[in-house]
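Student: here's my sequence, what's the structure:
(one chain, ligands or ions: 1)
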Amino acid sequence: MRQGEPVRIVLDNRLEQNTTVHWHGIRLPIGMDGVPGISQPPIEPGESFVYSFTPPDAGTYWYHPHANSLQQLGRGLAGPLLVEEREPPPFDRELVWMIMDWRLGADAQIAAGFGNMMEAGMAGRIGNTVTINGVVPADEPVHAGERVRIRLINGALARIMALRLQGHRPVIVAIDGQPCDPHEPPDGRLLLGPAMRIDVVLDMQGEPGRRYSVTDDFYDGIDYALTHLAYTKAPPARHHPSDAPLSLPHNPLPEPDLKTAERRELLLQGGMMGGRGMRTGGMGMGRAVWAINGVSMTGDGHAGMPPLTTLQLGRSYIVTLRNDTAWWHPIHLHGHSFRVLHRNGEAVPHSIWSDTVLLAPEDSVDIAFVADNPGDWMVHCHVTDHQTAGMMAVIRIGDGLSGR
Ligand SMILES: [Cu+2]
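Tutor: Numbers count the residues shown, from 1 in each chain. This is a model prediction of the structure:
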C-alpha cells in the first residue's frame with residue numbers, strides 16, 4: 001500500500017468457518033478493524049466482505065484473522081502489510097522477514113492440540129520449526145558494501161525472538177511501523193514479541209565470500225541459527241558506509257498532551273506460578289486463566305462485551321500497563337499507535353511509538369496516546385493462547401457506537 005492512498009480489499013471466505021481480517025497496527029475506522037462481534041459481524045463461509053481504508057502512516061504492518069485465531073493464524077493465515085513512504089528512503093535494497101513458527105509432528109504436518117489449557121497458562125503454543133516467509137530459511141545472499149533495510153515481523157502465535165546478527169551492527173529505524181530515532185539495540189539484541197515489528201538498517205561490512213549467522217537466543221538453552229547472511233564474492237559496492245541519513249520521515253501521529261492527560265491502569269493477571277488473587281468475571285465463554293483488571297474476555301471478540309474503561313474522544317491518556325504475572329506479554333492496542341514513555345520508572349529513549357509493547361514478568365510500562373479514533377477497541381496480549389484464555393478487554397472511545 002502507499003501512504004495516504006485508499007485501498008479496497010475483497011475478502012472472499014472460502015474457509016469452512018467464519019473469519020475476519022485485522023490489519024494490525026493500521027490506524028483505520030473501527031468498522032474496518034476486523035474484530036468479530038465488536039467491529040463487524042463474522043464473515044460466514046461463502047460470504048465476502050470489502051475492507052476499505054486509507055493508511056495514514058507508512059511502515060511495516062501485517063494482517064491476520066481475528067476469528068478462531070489460534071488455528072487460523074496458527075495454520076498460516078497471515079501476511080506482511082507494507083505501507084510505502086511517499087518518497088522511497090535511500091537504501092540500496094529492502095528485505096522482508098516474516099518470521100513464524102510451527103509445531104510439526106514427525107510426519108511434518110501441523111500437530112493438533114491447539115488451545116491446550118496447560119500451555120495457555122504458561123508461554124503458549126511455541127512451535128518446533130521456525131520459518132522466514134513461509135520456508136525453512138536458506139542463506140540470505142548479500143553484497144559487501146550495500147545498505148539494506150530489513151523489515152522484521154514476528155508472526156508467531158507465541159514465540160518471542162531475540163535476534164543477533166553476528167559481525168554486524170543493525171540500526172533500528174522503526175518499531176511497529178513508526179519511525180524512531182535511529183539507534184543500536186541494547187546488547188545488539190533485537191527483541192520481538194509476537195506481532196511486533198522492527199525495521200533495521202544494515203550496512204553490509206562483512207567480508208566477501210563469508211557467512212555470518214543470525215541467531216535467536218531468547219529462550220535459555222535453546223538458541224539456534226535462524227539464517228545466515230551469505231556474502232557474494234563480489235568486491236564491496238562501496239568501501240565506507242553511506243553517509244545518507246538513516247532516519248525515516250515521521251508519520252502524522254497526534255502528540256499526546258502529557259500535562260493534561262488522564263490516567264488509567266491495566267493490571268495483567270493470572271497464569272501458572274504467580275496467579276496472585278485472580279478473579280474472573282465477564283464473558284463465560286471458554287476457560288479463562290488470565291485477566292485484565294479482574295475481567296477475562298476469552299476467544300477472539302464477541303458482541304456485548306462491556307468496555308473495561310471509556311475514554312473521551314480527543315483527550316490524551318497515560319495508561320500504565322502492570323504485569324502482575326510470571327510470564328511475558330506483548331500487549332497490543334487496536335486502532336492507535338502510542339508513545340512508550342517509561343519502563344519500570346525509567347524514561348524510554350529514542351522517541352518510540354508502538355502498537356504492541358512487550359512486558360517482562362513484573363514490568364510496568366507507561367504508554368500515552370490521544371484517544372482520537374472513536375469506537376470499541378481491543379486491547380489484548382498477542383501471545384494468542386493468552387488472548388483467547390482471557391487476557392483481552394475492550395476500551396471504548398467516545399460513545400462507542402461508530403462501528404455498529
Ligand atoms: Cu500474554
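Student: got a pLDDT number for Met285?
Tutor: If you check Met285, the pLDDT there is 45.
Student: out of everything not next to it in sequence, what's closest to Val370?
Tutor: Pro254 (4.0 Å; CB to CB, 6 or more residues apart in numbering). For the C-beta atoms, the positions are set from N, CA and C on the backbone; glycine is no exception.
Student: give the burial count for that neighbour, as a bare number.
Tutor: Counted by other CB atoms under 10 Å, the residues lying close to Pro254 total 15.
Student: isn't it up against Asn373?
Tutor: No: at 9.5 Å, Pro254 does not count as touching Asn373 under the criterion of CB atoms under 8 Å.
Student: just list the residues touching the residue lying closest to Gly177 once chain neighbours are set aside, thanks.
Tutor: Nearest residue to Gly177, sequence neighbours excluded (CB to CB, 6+ apart): Gly59, at 2.7 Å. Neighbouring residues of Gly59 by CB atoms under 8 Å, 6 or more residues apart in numbering: Gly25, Leu82, Val83, Ala174, Asp176, Gly177, Gln178, Pro179, Arg197, Asp199, Asn251.
Student: tell me the one of the residues you listed nearest the ion?
Tutor: For the contacts of Gly59, the minimum distance to the ion (CB to the ion) is 16.8 Å, reached by Asp176.
Student: per-residue confidence for the residue nearest to Gly177?
Tutor: 98.
Student: quick revisit: would CSV of the contacts of Gly59 with neighbour count, pLDDT and distance to the ion be doable?
Tutor: Shown next, in CSV, are those (neighbours: other CB atoms under 10 Å; pLDDT from 0 to 100; distance: CB to the ion, whole Å):
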residue, neighbour count, pLDDT, distance to the ion
Gly25, 30, 98, 18
Leu82, 18, 98, 27
Val83, 21, 98, 27
Ala174, 24, 98, 24
Asp176, 26, 98, 17
Gly177, 29, 98, 21
Gln178, 25, 98, 22
Pro179, 25, 98, 27
Arg197, 27, 98, 18
Asp199, 27, 98, 24
Asn251, 20, 98, 27
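Student: okay if I get the residues you listed as JSON lines plus secondary structure?
Tutor: What follows is these, written out as JSON lines (DSSP: H, G, I helix; E, B strand; the rest coil):
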{"residue": "Gly25", "secondary structure": "coil"}
{"residue": "Leu82", "secondary structure": "strand"}
{"residue": "Val83", "secondary structure": "strand"}
{"residue": "Ala174", "secondary structure": "strand"}
{"residue": "Asp176", "secondary structure": "coil"}
{"residue": "Gly177", "secondary structure": "coil"}
{"residue": "Gln178", "secondary structure": "strand"}
{"residue": "Pro179", "secondary structure": "strand"}
{"residue": "Arg197", "secondary structure": "strand"}
{"residue": "Asp199", "secondary structure": "strand"}
{"residue": "Asn251", "secondary structure": "coil"}
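Student: between those, which sits nearest Thr131?
Tutor: Thr131 lies nearest to Arg197 out of the contacts of Gly59, by CB to CB, at 16.7 Å.
Student: now stretch 307-323: buried residues?
Tutor: Neighbour counts over stretch 307-323 (16 or more other CB atoms under 10 Å) mark Leu308, Thr309, Leu311, Ser316, Tyr317, Ile318, Val319, Leu321, Arg322, Asn323 as buried.
Student: ok, now which ones touch the residue nearest to the third one when sequence neighbours are not counted?
Tutor: Meaning Leu311. Setting aside the residues directly before and after it, Leu311 is nearest to Ala371 in space (CB to CB, 6+ apart), at 4.0 Å. Listed by CB under 8 Å, 6+ apart, the contact set of Ala371 reads Leu311, Gln312, Leu313, Gly314, Arg315, Ser316, Tyr317, His336, Ile397, Gly398.
Student: quick check: the second one vs the ion, distance?
Tutor: Gln312 sits 28 Å away from the ion, taking CB to the ion, to the nearest Å as the criterion.
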